[in-house]
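Engineer: Take a look and give me a structure for this.
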Amino acid sequence: MTGPESLRPPKRLAARVVPYWILGDGLTSFLLTGLAWFLGRPWLADNWEHWSPLLDNVLLGMCLGALTLAFCIPPLNYARWRYGFVGDLLLMRYGILFVEERAVPVRRMQHVDLVRGPIERVFGLATLVVFTAGNEGSAFRVPGLPIQEAQELRDRIVQMRGDGRL
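Structural biologist: You can find the predicted model right below:
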């Protein structure tokens, strides 16, 4: 969606979403790279005759790269994320390499949820999940919202719908 300046999403996510993303992505990367290095590497070295110290270095580089990305991507993601209401449209803009912009009219919204995982609760955050009519992109998420703000957005959508169907 490319439009006038008035259709730019006005709000940013809560800044504490960055350490939340770093922790979540870091734990996942640490687990996966640990499995690759401590289980995958010995198995490959024992069962693949072409395994060499060079491939050890390639695997180590890939593991370190994954861990580095887990720490570098969240601040970039935070810098791009925007959301907010303009009239009866919920606008979102996000992405690092591929930037996606969405404008979802409230009349297409069918259901709204608040999701809070254990790490989100530690950081006082929630994810707003909105389900819309249609097939492509029929659900979307707005992560990294303070719980109060997520509840207010949910209530605003329900109020704007006015029919109690959410």
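
Engineer: how's the protein carved up into domains?
Structural biologist: 17-77, 82-161 (automatic domain parsing).

Engineer: closest one to Pro10 among those?
Structural biologist: domain 82-161 (4.1 Å; Cβ to Cβ). Yep, even glycine has a C-beta here, placed from its N, CA and C like the rest.

Engineer: ok, back up a step: which of the domains of the chain sits most buried?
Structural biologist: Greatest average neighbour count among the domains of the chain goes to domain 82-161 (a mean of 16), per mean count of other Cβ atoms under 10 Å.

Engineer: For this structure, which segments count as helices?
Structural biologist: 17-35, 41-47, 53-80, 118-123, 147-161 (DSSP state H).

Engineer: Let me have these in JSON lines, extended by mean pLDDT.
Structural biologist: As requested, the helices of the chain are arranged in JSON lines below (pLDDT from 0 to 100):
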{"stretch": "helix 17-35", "mean pLDDT": "93"}
{"stretch": "helix 41-47", "mean pLDDT": "87"}
{"stretch": "helix 53-80", "mean pLDDT": "92"}
{"stretch": "helix 118-123", "mean pLDDT": "93"}
{"stretch": "helix 147-161", "mean pLDDT": "91"}
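
Engineer: Right, I'll leave it there.
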